[in-house]
Every structure is written in C-alpha cells, then in structure tokens.
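Asks: give me the fold of what follows.
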Amino acid sequence: MKITAVRTYVLKHPMSRPTGPANHYFRVRTTLLVKIETDTGAAGWGETVALAGNRSLIDDQYAPLLVGRSPLDARPLWRELWGQNFGNGMTLGAVSMALDDLRGKALNLPVAELYGGRLRSRVPVYASGLNYIEGEKPIDYYPREAEELAAQGFRAIKMRLGGQPHPLDLAAATAVRKVVGPDVKLMADGNGAYALGTAIRMGRELEQLDYYWFEEPLPQGTPHYAGYEILTAKLDIPIAGLEGITSRGAFKEAIERRKVAIVQPDVALAGGIGECLFVAEMARLWGMQCMPHCWAGGLVIAASVHLLALLPDASWGRTTETPMLELDRVENPFRDQLFRRAVEVKDGFATVPTTPGLGVEVDEERLAYHVARS
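Replies: Residues are numbered from 1 along each chain as shown. I've put the predicted structure just below:
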C-alpha cells in the first residue's frame, strides 16, 4: 500500500445565531479536513482547526513527504512529520488521525486496537453546552437547557461563565444546579475571561455549588498558562486546562509546575491520538486526571472516543472517575450532517466503534456540498 494523494478541505458554515463562550461569539463555524488516499482505494480521514497556515503546511510540507510512502510506517513517518512542522501539533493532529484511520483499515482493526486494546466498550459523555447567545440572558435559558440535557440522559454538563458581571453569572450557575439536582456533574468553563482575583472568587462560589471542575478561567497565552499554579493552590475545586498546548514538551512543563489538576489535551491540536495518550500517561505520574478537550466535527469526536477507550479510570476503586467525552452542543453540521456512519451517542454514553479505522464514514456528497458553500 502506497499513499497517492493528500487532499485538504476547508469548510465554513454561517451560524443561525451568534453563540459562544465568554470572550467570543461564533458567527461562522469552520473546520479543516484531510483525506489521505492510497493505491488500493482505501483512504484515511483527519480533522483539525482551520487556522491560517494549517492548510498550506499540510499541502506544501506534509503531502510531498507522504506521497509514495507506506502508511504502515508509523514510527518513521511520526519522526519525519514532527521534524517538518516545527512542533505544530495542530497540523500533525489531522494528519496523524488520517494515518491512524488508514492503518486501521489496512490491518482490519479499530484504531483503539492499534494502540494496544480498549479498556472499555463505551465512554461516558458530558454535554458541552450552555453558551452565551448574543442578545439573550443566560439566566433565562441556562436552566432550561440544562434540564433538557439531563432529560436526554447526560449525567454531566458544562456551561460557559465569565461573559457577564459576576452576580449574573453566579445566579445562572446557581439556577442550573438547582434545576438538575445533586446527581448531575456540573462543570464551568471560563475561557480565559477572568483575572486571578475574580477567578479565585468564582472558583470558591463554584465549590459551594459542588461543581466538578473550573476550566481555564485565566488567559492561556504566552507564557503558557501564567498564574495557573497560584489559582490551583488557592482553590479546592479542580482546575482543568491545557487544551491550547500543542507539544509534549510544553505539557511536561505545565504538569511539573502543577498548573492544573485535570489535563485536557486535544487530538486535533496536540498531534493526534498517540501524542495525547503520551500526555495522559505523563499526567498520571503527577496524579492528574486526563479529560480530553473536544470541540470540533465528527472525525475529532471519533478519534477522541478511541483515545478515551484507552485511558484508565482515575483509580482502582469500584466507584471511581472515568474519563469523559466532551460533546459540544453548539450548531455544527460538520458533526451532525457529514457522515453516513458516525459515533453513536445514547443515554449519556458514546459507543466505541468496532469497525476498522476510526469507525466513521464520511459522506463525500455532503462534503462536496459544504465545500461548494464554503
């Protein structure tokens, strides 16, 4: 089997209403897909963020390196691909995902089996919803949305905070806890909207409401996650983060300095399943949980499910904390409309695919439709 072509597709979808976290309204959803074709007719698919430069890096640097090579040469290709991109985990995330998909199809194995075998056949899912909607007040719809998600079987729900004055956000967080009761895990994502003092203040309020974690309340920029070790030391509620880190070296530094209690690598941003598995095992050496970040289309969801199938529970206890899939609930046709076969999510769980590769099937007619609209 030889690689014959590497194709990229940038997709765009105008949102029906501006929606997003504390610091941004999404008016258009975008994604970047990668298709790696072979002389046998088999193809592998990957996905990453459509940031400027990612597509050209794949087209101009990776494609010439990959064409003519065997996708089964996992270790040689891994080394060469990292050498070509100067540590850009975002582009390698998509390419690595597509190569895993292709290798699984060639060997007639699901991706989880390529990495040594799954620990579970299904993974718990948390609904990543309750976003700010332009012109609307969260207190009016956060509780209603949370109640609807709980009725759909989600036993864990994440909301966005930090986009309005503290009393209003606290009122929304309190109302959500009241409506779902004590048995649903609740998490809050600050998306870098807080200064250190206000993050500590909100974190202590969330502790009183029994929230499971407080995610990335401080700005995540350079230097990586400044001030997070202070925040983690000040609060009892676990701080989750590091979704924006794209290399194992940067993860190592953040983990050693205990910037978070829960590590959130993203298969699309941090170099693929193998790299995220490495990061998760490294985090365990410091007693940290891994809850992968996942906010993209159906290919990233599928890859994340395979990764989660490989991650151990937090402890050996009979009742312990199992890694969860983040399933975003924001309008996204690249999650809901692009596949003939997608990951099954039902009653708060995602079934780990058992068919070869990632276990999902891209509908190329639908893809052509979205390409034409982009």
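Asks: you'd agree Pro292 is in a strand?
Replies: No - applying DSSP: H, G, I helix; E, B strand; the rest coil, one finds Pro292 to be coil, outside a strand.
Asks: give me the nearest residue to Lys137, chain neighbours excluded.
Replies: Nearest residue to Lys137, sequence neighbours excluded (C-beta to C-beta, 6 or more residues apart in numbering): Leu168, at 7.6 Å. To be clear about C-beta, it is placed using only N, CA and C from the backbone, and glycine gets the same treatment.
Asks: and the pLDDT for that neighbour?
Replies: In this model, Leu168 is scored at 98, pLDDT.
Asks: for the residue minimising distance to the centre of the chain, which residues are in contact?
Replies: Nearest residue to the geometric centre of the chain (C-alpha atoms, centre = their mean): Cys294, 1.4 Å. Contacts for Cys294 (C-beta atoms under 8 Å, 6 or more residues apart in numbering) come out as 128, 266-267, 300-301, 304, 325-328.
Asks: correct me if wrong: the residue nearest to Lys137 contacts Pro138.
Replies: Yes - under the criterion of C-beta atoms under 8 Å, Leu168 makes contact with Pro138 at 7.3 Å.
Asks: and the two? which has more neighbours close in?
Replies: Ranked by neighbour count (other C-beta atoms under 10 Å), Leu168 and Pro138 place Pro138 first, with 24 against 14.
Asks: mind pulling up the pLDDT for that one?
Replies: Note for Pro138: predicted pLDDT of 98.
Asks: likewise for the one 5 residues further on?
Replies: Model confidence at Pro143, given as pLDDT, is 98.
Asks: now do the helix or strand hosting Glu326: which elements does it pack against?
Replies: Per DSSP states H and E: Glu326 is located in strand 325-328. Helices and strands touching strand 325-328, by 3 or more C-beta pairs under 8 Å, 6 or more residues apart in numbering; DSSP states H and E, are strand 122-128, helix 298-310.
Asks: mean neighbour count and mean pLDDT added to these, as JSON lines?
Replies: Shown next, in JSON lines, are the helices and strands packed on strand 325-328 (neighbours: other C-beta atoms under 10 Å; pLDDT from 0 to 100):
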{"stretch": "strand 122-128", "mean neighbour count": "23", "mean pLDDT": "98"}
{"stretch": "helix 298-310", "mean neighbour count": "28", "mean pLDDT": "98"}
